[in-house]
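S.K.: Give me a model of this one.
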Amino acid sequence: MDRIGRLPMAVALGALFNPLNSSMIAVALAHIEAEFHVGIAAVTWLAAGFYLAAVVVPPFMGALADRLGPRLVFCAGLVTVAVTGLLAALAPTFPLLVAMRLLQAFGSCATFPAGMAIIRAKQDGRPPPRVIAMISMVLTASAAAGPVLAGFLVTLWGWRAVFLVNLPLAAVALVAALRWLPELGRGAGRQAWLPRLRPALLATCGQYALVNVVFYLAFFAVPLWAQRSARLPAHVAGLLLLPMAGLAIVVTPVAVALAARAGLRVVLVVSSVLLAAGSCVMFLVGPVGVVLVATGLLGLASAFSQFALNSLVFVHADRRDTGVAVGFFQGSRFVGAAAASSVTGVLFDPSGMGASGWAMVAASVAVLVVGAVLPVKTSDEEPRLKGQPTP
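M.R.: Numbering: from 1, shown residues only. All right, here's what the predicted structure looks like:
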């Protein structure tokens with residue numbers, strides 16, 4: 001790998017822990033509940049608590065990165081992920097498991113804002129599309145692959161393996177970070193802990209939250225339906241979400257090319273249409289093949305939405321506040337995840353996924369409306385998207 005590609009790869013390796021751990025837990029919940037006998041309402045705190053922490057923590061971690069140095073915060077986050085993964089796997093009681101899960105959220109929330117602050121500083125402005133595309137692919141694929149990986153881990157070694165897998169992954173990411181991430185000066189001149197929250201930045205975060213309502217409804221509803229209604233084993237239930245990961249990786253270059261040719265607004269509208277189409281297919285779920293069609297459409301949507309929205313953060317965020325602005329953006333993912341978790345608890349029907357489908361369609365329509373009016377460029381940044389030099 002050349003020197004230019006090492007930096008985004010190191011950031012991507014560190015950033016994958018947040019979406020990965022947010023989605024792996026969906027397959028493990030039933031097994032954890034059975035071991036500790038705490039009931040469904042209690043066991044869902046392993047998901048909901050993580051999401052609530054992930055809403056609040058990323059802006060704080062981004063601010064720490066801007067003040068103390070992003071490389072330090074990035075590496076500290078990886079160490080926290082590894083330690084809490086080990087302690088969670090060894091937890092003898094359910095309250096201790098929940099506590100370690102919450103601390104794990106703190107560590108996993110540190111890497112993305114810190115890493116993107118490094119990238120923007122080294123690029124001296126908005127990162128090029130290929131860098132954003134690489135990181136978007138890793139984030140999307142890790143979230144969608146989480147249930148697949150967790151299904152095999154739970155089937156082979158039990159639910160504790162879902163936490164233990166963080167150790168080797170964090171070790172690899174830490175080695176890459178120590179070798180490839182540059183040391184930057186501290187942002188000692190910064191006075192504010194919050195960025196300049198431009199309306200367009202808030203709108204981008206709001207749309208990202210809505211997109212993740214749709215994705216996380218699928219992450220929860222599909223494995224639950226597969227295990228409880230279709231009587232499929234955990235690893236097969238997780239495989240039903242594999243198209244979301246595979247297609248997100250394959251199609252992201254198409255999103256980059258479409259953005260360069262037609263602009264980010266077209267990419268946002270395409271992603272919204274695909275989200276709505278995948279959501280509508282959920283009404284027809286019964287045969288397993290229909291589930292794969294739904295998750296495939298959502299995977300296509302993910303490729304377009306992740307690239308476009310990750311790009312827009314750098315359009316609308318002040319350069320001095322990249323870490324905390326990206327932290328707000330990361331937190332908005334879990335606003336959507338928390339909403340999806342709550343909706344799943346209320347609307348899930350073992351006989352089908354129609355109720356979840358209605359919620360997904362409503363969120364998809366909202367995404368389409370916001371995408372149609374969301375500002376997508378500024379006069380000094382848009383040429384960078386198309387590979388042209390800035391004036």
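S.K.: For the stretch 1-150 of the chain, which segments count as helices?
M.R.: Taking DSSP state H, counting those that start in this stretch as the criterion, the stretch 1-150 of the chain contains helices spanning 3-15, 17-36, 40-43, 45-68, 70-89, 94-123, 129-157.
S.K.: How far does stretch 166-186 sit from its chain's centre?
M.R.: 19 Å (C-alpha atoms, centre = their mean, to the nearest Å).
S.K.: Output it as PDB, restricted to C-alpha atoms.
M.R.: Extracted in PDB, the C-alpha atoms of stretch 166-186 (Å, rounded to 0.1, in the frame of the first residue of the first chain):
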ATOM      1  CA  ASN A 166     -12.700  -6.800  19.400                       C
ATOM      2  CA  LEU A 167      -9.300  -7.700  20.800                       C
ATOM      3  CA  PRO A 168      -7.500  -8.900  17.700                       C
ATOM      4  CA  LEU A 169      -9.200  -6.300  15.500                       C
ATOM      5  CA  ALA A 170      -8.200  -3.500  17.900                       C
ATOM      6  CA  ALA A 171      -4.700  -4.800  18.000                       C
ATOM      7  CA  VAL A 172      -4.400  -4.700  14.200                       C
ATOM      8  CA  ALA A 173      -6.000  -1.200  14.100                       C
ATOM      9  CA  LEU A 174      -3.600   0.100  16.900                       C
ATOM     10  CA  VAL A 175      -0.500  -1.100  15.100                       C
ATOM     11  CA  ALA A 176      -1.700   0.600  11.900                       C
ATOM     12  CA  ALA A 177      -2.500   3.800  13.800                       C
ATOM     13  CA  LEU A 178       0.900   4.000  15.500                       C
ATOM     14  CA  ARG A 179       2.700   3.400  12.200                       C
ATOM     15  CA  TRP A 180       0.600   5.500   9.800                       C
ATOM     16  CA  LEU A 181      -1.100   8.300  11.700                       C
ATOM     17  CA  PRO A 182       0.900  11.500  11.900                       C
ATOM     18  CA  GLU A 183       1.200  13.500  15.100                       C
ATOM     19  CA  LEU A 184      -0.500  16.800  14.900                       C
ATOM     20  CA  GLY A 185      -0.300  19.800  17.100                       C
ATOM     21  CA  ARG A 186      -2.900  20.400  19.700                       C
END
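S.K.: Show me which positions of that stretch end up buried.
M.R.: By neighbour count on 16 or more other C-beta atoms under 10 Å, the buried set for stretch 166-186 is 166, 169-170, 173-174, 176-177, 180-181, 184. C-beta coordinates here come from the backbone N, C-alpha and C atoms, glycine included.
S.K.: Stretch 11-29 too?
M.R.: 11-29.
S.K.: Repeat that for stretch 292-301.
M.R.: 292-301.
S.K.: gap between the two ends of stretch 256-275?
M.R.: End-to-end span of stretch 256-275 (C-alpha to C-alpha, to the nearest Å): 18 Å.
S.K.: cool, stretch 120-131 as well?
M.R.: One end of stretch 120-131 sits 10 Å from the other (C-alpha to C-alpha).
S.K.: of all the helices of the stretch 1-150 of the chain, which lies closest to Val315?
M.R.: Closest approach to Val315 among those (C-beta to C-beta): helix 129-157, 11.0 Å.
S.K.: now for that closest one, which elements pack on it?
M.R.: Other elements packing on helix 129-157 under the criterion 3 or more C-beta pairs under 8 Å, 6 or more residues apart in numbering; DSSP states H and E are helix 3-15, helix 17-36, helix 94-123, helix 161-164, helix 199-228, helix 234-239, helix 242-262, helix 288-316.
S.K.: Reformat these as JSON lines; add distance to Pro129.
M.R.: Output for those, formatted as JSON lines (distance: least, C-beta to C-beta, whole Å):
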{"stretch": "helix 3-15", "distance to Pro129": "12"}
{"stretch": "helix 17-36", "distance to Pro129": "21"}
{"stretch": "helix 94-123", "distance to Pro129": "12"}
{"stretch": "helix 161-164", "distance to Pro129": "34"}
{"stretch": "helix 199-228", "distance to Pro129": "17"}
{"stretch": "helix 234-239", "distance to Pro129": "31"}
{"stretch": "helix 242-262", "distance to Pro129": "5"}
{"stretch": "helix 288-316", "distance to Pro129": "7"}
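S.K.: a markdown table please, covering those and showing mean pLDDT.
M.R.: Below are the helices and strands packed on helix 129-157 laid out as a markdown table (pLDDT from 0 to 100):
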| stretch | mean pLDDT |
| --- | --- |
| helix 3-15 | 83 |
| helix 17-36 | 86 |
| helix 94-123 | 89 |
| helix 161-164 | 95 |
| helix 199-228 | 85 |
| helix 234-239 | 77 |
| helix 242-262 | 86 |
| helix 288-316 | 88 |
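S.K.: picking up where we left off before, any chance of CSV for the buried residues of stretch 166-186, columns distance to Phe215 and pLDDT?
M.R.: Output for those, formatted as CSV (distance: C-beta to C-beta, whole Å; pLDDT from 0 to 100):
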residue, distance to Phe215, pLDDT
Asn166, 22, 95
Leu169, 21, 95
Ala170, 24, 96
Ala173, 23, 95
Leu174, 28, 95
Ala176, 27, 93
Ala177, 27, 93
Trp180, 30, 90
Leu181, 29, 90
Leu184, 32, 75
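S.K.: just checking, which of these belong to strands?
M.R.: The strands, defined by DSSP state E, take in nothing from those.
S.K.: ok, now how distant is Ser356 from Ala218?
M.R.: Going from Ser356 to Ala218 by C-beta to C-beta, to the nearest Å gives 8 Å.
S.K.: So for the two, which residue has more residues nearby?
M.R.: Using other C-beta atoms under 10 Å as the criterion, Ser356 and Ala218 rank with Ala218 on top: 30 against 27.
S.K.: My read is that that one contacts Leu240, right?
M.R.: No: using C-beta atoms under 8 Å, Ala218 is not in contact with Leu240; the gap is 9.4 Å.
S.K.: so what sits against both of the two?
M.R.: Common neighbours of Ala218 and Leu240, counting by C-beta atoms under 8 Å, 6 or more residues apart in numbering, are Thr295.
S.K.: what touches both of Ser356 and Ala218?
M.R.: Met282.
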